[in-house]
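Q: prediction below, plus the sequence it came from.
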Amino acid sequence: ELMIKRELAKDPELAGESWDRFLPKFKKKNVKRKKPKNETKKKTYTPFPPPQAPSKVDLELESGEYFFKKDEKKAQAKAEKQQKQEESVEESKAKRASSFKAPEEKQIAPAADKDAHVSSGNVKAMAESLKAKSKKKASGGDGDGVDAASMLMRPKRPASAPASK
């Protein structure tokens with residue numbers, strides 16, 4: 001770019017003009033910066049090391065197991081193993097029993113009745129509406145005008161046998 005500008009400066013005809021048409025035009029690139037990886041926080045410096053973990057022998061000395069005889073150690077280990085076994089058996093029994101347990105029933109919301117006062121819990125109103133419905137059925141006022149007995153199919157009698165009067 002600088003070389004081109006020098007050549008253009010030498011030419012007296014182009015001294016007064018814009019040199020943009022002669023200069024190369026580079027596209028600008030948006031280069032993203034690399035983000036640093038998660039930096040670990042520095043721990044505070046402590047001059048003293050952490051306390052040493054007790055050895056197996058130290059733990060046995062504290063509990064008194066170090067002085068047991070071999071037979072006593074075996075008996076204790078057997079008892080611990082038996083206890084773990086019993087716990088696992090109980091757990092597996094409970095797991096098996098849970099598959100036989102009935103699922104909890106969801107409570108269904110009461111459907112919107114024609115009588116809103118009945119669903120609200122008004123016992124007297126409910127009793128009155130039930131009485132009115134039973135009287136309506138007893139009087140045969142279903143509104144259809146058809147008797148339920150006439151709707152039943154009666155067995156057909158043979159044509160040869162006359163109907164008795």
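A: Yep, that arrived.

Q: for the rest of this, base every contact and every neighbour count on C-alpha atoms.
A: OK.

Q: what average pLDDT does the longest helix that the chain contains get?
A: Ranked by residue count under DSSP state H, the longest helix found in the chain is helix 70-99. Average pLDDT, helix 70-99: 93.

Q: swap in stretch 106-123?
A: 60.

Q: how long is it end to end?
A: Across stretch 106-123, the terminal residues are separated by 25 Å (CA to CA, to the nearest Å).

Q: kindly report the same for stretch 34-50.
A: Across stretch 34-50, the terminal residues are separated by 38 Å (CA to CA).

Q: stretch 46-60 now?
A: So stretch 46-60: terminal residues 31 Å apart, CA to CA.

Q: list of residues touching that stretch?
A: For stretch 46-60, the surrounding residues in contact (CA atoms under 8 Å, 6 or more residues apart in numbering) are residue 66.

Q: what's the local residue count around residue 73?
A: By other CA atoms under 10 Å, 14 other residues sit near residue 73.

Q: excluding covalently adjacent residues, which one is nearest to it?
A: Distances taken as CA to CA, 6 or more residues apart in numbering place residue 65 nearest to residue 73, at 7.5 Å, with adjacent residues excluded.

Q: relative to residue 7, how far out is the one you found?
A: Relative to residue 7, and taking CA to CA, residue 65 is found at 98 Å.

Q: quick one, which of those two is more surrounded?
A: Each of residue 65 and residue 7 has its neighbours counted (other CA under 10 Å); residue 65 has more, 14 against 10.

Q: and the pLDDT at that one?
A: pLDDT, residue 65: 83.

Q: return the set of buried residues in stretch 6-22.
A: Across stretch 6-22, burial judged by 16 or more other CA atoms under 10 Å covers residue 8.

Q: what average pLDDT does that stretch get?
A: 82.

Q: which residues does it contact?
A: So stretch 6-22 is contacted by 4, 5 (CA under 8 Å, 6+ apart).
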